[in-house]
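A.B. asks: give me a model of this one.
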Amino acid sequence: MSALRLLQVLAAIASVALAAPARAATDIALWHAMSGELGRQLDRLAADFNASQPDYRIVPAYKGTYTETVTAAIFAFRSRSQPAIVQVNEVATATMTAAKGAIYPVFSLMRDQGEPFSLNDYLPAVSGYYTDAAGNLLSFPFNSSTPILYYNKTMFRDAGLDSETPPKTWPELGAAAKRLRDRGAPCGFTTSWPSWIHVENFSAFHNLPLATRTNGFAGLDAELTINNPAVVKHVAQLAEWQKSKVFDYSGRGQSAEPRFQNGECGMFIGSSATRADIKANSKFEIGYGMMPYWPDVKDAPQNSIIGGATLWVLRDRPREEYKGVARFFAYLSQPGVQAAWHQNTGYLPVTRAAFELTRAQGFYQRNPGSAISFEEITLHPPTENSKGIRLGSFVLIRGAIEDELEQAFAGQKKAQEALDSAVERGNKLLRQFERASPER
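C.D. replies: Numbering: from 1, shown residues only. Now for the predicted structure:
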């Protein structure tokens, strides 16, 4: 009877334990600006992390464009309903850095939560964009891209051009574009994101300063220097090519991309992250190359800089959430996770280990051109001129630059006049940001 009684007691204890509810996972809000397929890839990434452990649940929420997402987070912070993580585009880094009381720097987060973290694991051309003056990582590199050259191999062959050799310099690209126009192409080449490609990345790739004070990294009192002879010469050449549609301006953002996809323009310079989209929507063989450079500029080519966004951690969330955020960032840093994200989206791998794993898996061999973005940003170690940009209100400054570029391309202003005006307008915005900054 005593043995039977013992079994009954053990059975009762087991039934109570099974009936007790399991501890609920801690939800962690991630506000982001990724729609369509990229949004689905992010949802999948969060679901995979959630399935990998029982304690935390990343909850992604699409909040519109980058500007709309940041604006929503700012308003939410004021009402103490902010998410733990918000995705912010690269040109808003200075704005986020200035909001010291609102952000929880990633290097502090990982140290405080005891998660393994080494800045040396990350690509310098990516992580350097998001570090402070002491080299500490402020936000987590997530989706990074850089401009590359796409060209229509079919049109190249029809025009008698070498379809296996992309133009490497601007004179070579201009000559190829003219040959395409002479053979009937409506447009030789076009580009997206005019300031990002023709001013910001142009300056980095030629190892030229975009602004004083190490492109703003060394202080808020930076001033633009984009009216230098090399940029003026480049913009003047684009304006000259525009007259015969050797170069044909297509507008801001990504508005140029469809013109390449539909075979109207023989070449296109745009984000490496649009590679999958271009491949899916183009009915011709595509070639890939690095951005061109001017061979008479002493230090060219240097390395390109990134676009895209990072994940910022906001203050004043429950302590348990921060443990989950640190765990999530450690998960994102794993080579297998990074490699899959890189391969599925076209964004750069943020660690060299992820690149090496992707190469070992044969992805680059199966997908020609997919490694060019990595090769371009790692062409040389970043310099003070090619590390990135840390300028306040740069979204507005970029708009002013593109206003002036458009006037140059339309023949309404000479290149020097347009860039002088861009510097004057941009510097006014920098001074406004400096006056409003708490660091002042």
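A.B. asks: quick one: name whatever helix or strand follows the helix or strand harbouring Ser373.
C.D. replies: Assessed by DSSP states H and E, Ser373 sits inside helix 372-377. Sequence order places helix 394-409 as the next helix or strand after helix 372-377, per DSSP H and E.
A.B. asks: chain center to that following helix: distance?
C.D. replies: Relative to its chain's centre, helix 394-409 lies at 20 Å (Cα atoms, centre = their mean, to the nearest Å).
A.B. asks: now swap in stretch 311-330 and tell me
C.D. replies: On the basis of Cα atoms, centre = their mean, stretch 311-330 sits 22 Å off its chain's mean C-alpha point.
A.B. asks: same question for stretch 310-318.
C.D. replies: That offset, for stretch 310-318, works out to 20 Å (Cα atoms, centre = their mean).
A.B. asks: and that stretch, C-alpha only, in PDB?
C.D. replies: The C-alpha coordinates for stretch 310-318 follow below in PDB (Å, rounded to 0.1, in the frame of the first residue of the first chain):
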ATOM      1  CA  THR A 310      20.800  49.900 -38.600                       C
ATOM      2  CA  LEU A 311      18.900  48.800 -35.500                       C
ATOM      3  CA  TRP A 312      18.900  51.300 -32.700                       C
ATOM      4  CA  VAL A 313      18.000  50.400 -29.100                       C
ATOM      5  CA  LEU A 314      15.800  52.900 -27.200                       C
ATOM      6  CA  ARG A 315      16.000  53.600 -23.500                       C
ATOM      7  CA  ASP A 316      13.300  53.200 -20.900                       C
ATOM      8  CA  ARG A 317      12.100  49.700 -21.700                       C
ATOM      9  CA  PRO A 318      11.800  46.900 -19.000                       C
END
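A.B. asks: walk me through the domains of this structure.
C.D. replies: 26-144+306-366, 147-304+392-436 (the TED database).
A.B. asks: in TSV: these, plus mean neighbour count and distance to Ser386.
C.D. replies: C-beta here means a position set from N, CA and C on the backbone, and glycine is covered the same way. Shown next, in TSV, are those (neighbours: other Cβ atoms under 10 Å; distance: least, Cβ to Cβ, whole Å):
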stretch	mean neighbour count	distance to Ser386
domain 26-144+306-366	18	8
domain 147-304+392-436	20	4
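A.B. asks: quick one: closest of the ones you listed to Pro381.
C.D. replies: domain 26-144+306-366 (6.4 Å; Cβ to Cβ).
A.B. asks: that older thread, name the residues of the helix holding Ser373 that are buried.
C.D. replies: Ile372, Ser373, Phe374, Glu376, Ile377 (16 or more other Cβ atoms under 10 Å).
A.B. asks: by contact count, what packs against it?
C.D. replies: Using 3 or more Cβ pairs under 8 Å, 6 or more residues apart in numbering; DSSP states H and E, the elements in contact with helix 372-377 are strand 147-152.
A.B. asks: which residue ranges form the helices in the stretch 101-250 of the chain?
C.D. replies: Taking DSSP state H, counting those that start in this stretch as the criterion, the stretch 101-250 of the chain carries its helices at 106-113, 124-127, 153-158, 170-182, 194-195, 202-205, 212-215, 229-242.
A.B. asks: tell me what the fifth one is packed against?
C.D. replies: Helix 194-195 makes packing contacts with helix 394-409 when contacts are defined by 3+ Cβ pairs under 8 Å, 6+ apart.
A.B. asks: how about the helix holding Ser373 as PDB, C-alpha atoms only?
C.D. replies: Listed next in PDB are the C-alpha coordinates belonging to helix 372-377 (Å, rounded to 0.1, in the frame of the first residue of the first chain):
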ATOM      1  CA  ILE A 372      31.000  42.700 -56.200                       C
ATOM      2  CA  SER A 373      29.400  44.800 -53.500                       C
ATOM      3  CA  PHE A 374      31.600  43.100 -50.800                       C
ATOM      4  CA  GLU A 375      34.700  43.500 -53.000                       C
ATOM      5  CA  GLU A 376      34.000  47.200 -53.500                       C
ATOM      6  CA  ILE A 377      33.500  48.200 -49.900                       C
END
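A.B. asks: now do the contacts for Ala408.
C.D. replies: By Cβ atoms under 8 Å, 6 or more residues apart in numbering, the contact list for Ala408 reads Val235, Ala236, Leu238, Ala239, Lys414, Ala415, Ala418, Leu419.
A.B. asks: from Glu240, how far off is the closest residue to the first one other than its chain neighbours?
C.D. replies: Just to be clear, that refers to Val235. If the residues on either side of it in the chain are set aside, Val235 comes closest to Ala415, at 4.1 Å by Cβ to Cβ, 6 or more residues apart in numbering. Plainly put, Ala415 is 9 Å away from Glu240 if you go by Cβ to Cβ, to the nearest Å.
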